[in-house]
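Colleague: Turn this into a model:
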Amino acid sequence: MTIPHGSGNLVGLPFPTAAKPRVRDIGLRANLRRATGTIRAKRAAVVEEVERTGDWEPLREAGRAIKAWTMRNLPELLERFETAATEAGAVVHWARDADEANRIVGDLIRARNQREIVKVKSMATQEIGLNEALAAQGIEATETDLAELIVQLAGDEPSHILVPAIHKNRSEIRELFAARMPGTDASLTDEPAALAEAARRHLRAKFLSAKVAVSGANFAVAETGTLVVVESEGNGRMCLTLPETLISVVGVEKILPRFADLEVFLQLLPRSSTGERMNPYTSMWTGATDGDGPSDVHIVLIDNGRSATLADEVGRQALHCIRCSACLNVCPVYERTGGHAYGSVYPGPIGAILSPQLTGVAANKSLPYASSLCGACYEVCPVKINIPEVLVHLRQEAPKNAAEKSAMATMGWVMRSRRRYEAGLRAARMGSSPWRGKGSLSRLPWPMSGWTSSRDLPVPPRESFRDWWKREAAEGTGANGEGE
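Modeller: I've put the predicted structure just below:
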């Protein structure tokens, strides 16, 4: 059976190439438009409540300031977190990259003679490819978040930070469950409640038998060594309390200085992500406590490119991200292409600035161009990440071939002189006169094909604004066409 709207063979392709088939997928675009529109409306309603009291912008500014201070003092805060977590009974491991993190987690699971684990939704574990690494070692990892389970059963890739299966509708999910989820009743309907109940029954046995769970963390508090996971389904709570061993894989940027800082972020995150005043489930744990949850607690702090990102004074803003996905839900590019076109674990506007920095701009040089620079992402970001600023910065950092360098040098030379610029505009108008009636051109020969392969080129008007202004002034009329 073919399950539609998967990532297919798009992963790893340049964004313009991967985006083309997605834009033509009418069903995908309908799913995305419906889902992002619903989330936007919910977010706007709960944010407006706080805006009416005058507290929303101060909260955003507080979140931005805390994150900026954290990045400036990250080494000291990480050491403080390790000390506090260790004193509370946890074991802290350090991983320089994905391979080291996967090896640490695999070794911990095998040392406990386990071959099956349950997982809480985690972007960090997706980033390092943990499920695939464990599978190569004969360890089966079951995703327990409903959307992540859907993606896993489909052999697919997540397409959204918060709603990984946003590219699928309920009819497709019903077909998927019937085909690939053991124990599914053939009479299952595509009603959301029925689908959720089928997944719940499937996962219940996993929760009750698992000896090891793997999680990420939304926040890690340096002051106390506390980890925090927020979620909406309760699956995370089951994973965090029932197993004997809990392994948490945490990016070093998730650190917060003080426990009191959670007051800010636990107001910003739910409103920006799920459009709720607070998350239904907020789980916090500090080390291990006898008789209360897992007695064997491990924390794997991963770098995996974050130190290099931190070194970039402009680009380090990307590390402020709290994974709310608000920027995806307002992005016109994401809404038309979906997350798979980005070829990255982190899609959308935040992925366009985070992924190139974590893996190197040369490896993702097309992603900083996956934006119209409309600025909607900056307006909704709860911690005020200036995504357009970082996009432009990374475009300048991206390696360019000889033709691009020559073209940019020529344009720079032309635009440094008003006389040359106006002469260039006149030449463009004269050269495009045969196509004036078309409005725009969608296909041009090399070297302009680099532009028209992904966007239309407007045909210059018969008269420029500058020429019109000069003519009006010479004829003694004002800008509104009336005599003075």
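
Colleague: what helices or strands is the lowest-mean-pLDDT helix or strand in the chain leaning on?
Modeller: When the helices and strands of the chain are scored by mean pLDDT, DSSP states H and E, helix 449-452 comes last with a mean of 74. Packed against helix 449-452 by the contact rule (3 or more Cβ pairs under 8 Å, 6 or more residues apart in numbering; DSSP states H and E) you find no helix or strand. The way it works is simple: take the backbone N, C-alpha and C, and place the C-beta from them, glycine included.

Colleague: quick one, what contacts the closest residue to residue 429 other than its chain neighbours?
Modeller: Spatial nearest neighbour of residue 429, chain neighbours left out: residue 460 (4.6 Å); criterion: Cβ to Cβ, 6 or more residues apart in numbering. By Cβ atoms under 8 Å, 6 or more residues apart in numbering, the residues touching residue 460 are 425, 428, 429, 432.

Colleague: between the residues you listed, which is closest to residue 258?
Modeller: residue 425 (56.6 Å; Cβ to Cβ).

Colleague: so who does the closest one touch?
Modeller: 460, 464, 466.

Colleague: Can you pick out the most distant pair from the contacts of residue 460?
Modeller: 425 and 432 (10.7 Å).

Colleague: What values do phi and psi take at the residue nearest to residue 429?
Modeller: phi -60, psi 140 (degrees, to the nearest 10).

Colleague: can you start the count at 31 instead of 1 from here on
Modeller: Will do, 31 is the new start, and the previous item becomes residue 490.

Colleague: And it, how close does it get to residue 447?
Modeller: Distance from residue 490 to residue 447, counting by Cβ to Cβ, to the nearest Å: 19 Å.

Colleague: repeat for residue 319
Modeller: From residue 319 across to residue 447, the span is 72 Å (Cβ to Cβ).

Colleague: Tell me where the model's unsure across the protein.
Modeller: Low-confidence segments of the chain, defined by pLDDT under 70: 31-42, 507-514.

Colleague: Got the phi and psi for the residue nearest in space to the middle of it?
Modeller: Nearest to the mean C-alpha position of the chain, counting by Cα atoms, centre = their mean, stands residue 376 at 3.7 Å. Residue 376 adopts backbone torsions of phi -100, psi 100, taken as degrees, to the nearest 10.

Colleague: got the contact list for the least confident helix or strand of the chain?
Modeller: Defining contact as Cβ under 8 Å, 6+ apart, one finds that helix 479-482 is touched by 433, 471, 472, 473, 474, 487.

Colleague: Kindly recompute the last result at 7 Å.
Modeller: With contacts defined as Cβ atoms under 7 Å, 6 or more residues apart in numbering, helix 479-482 is touched by 471, 472, 473, 474, 487.

Colleague: can you redo the residues you listed as TSV with distance to residue 275?
Modeller: As requested, these are exported to TSV (distance: Cβ to Cβ, whole Å):
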residue	distance to residue 275
471	62
472	58
473	59
474	60
487	59
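
Colleague: Of those residues, which is the nearest to residue 267?
Modeller: Of the contacts of helix 479-482, the one sitting nearest to residue 267 (Cβ to Cβ) turns out to be residue 472, at 52.5 Å.

Colleague: Return the distance of that closest one relative to residue 404.
Modeller: Counting by Cβ to Cβ, the gap from residue 472 to residue 404 is 22 Å.

Colleague: Let me see the ranges of the helices in the stretch 381-514 of the chain.
Modeller: 406-410, 417-427, 432-445, 448-461, 479-482, 495-504 (DSSP state H, counting those that start in this stretch).
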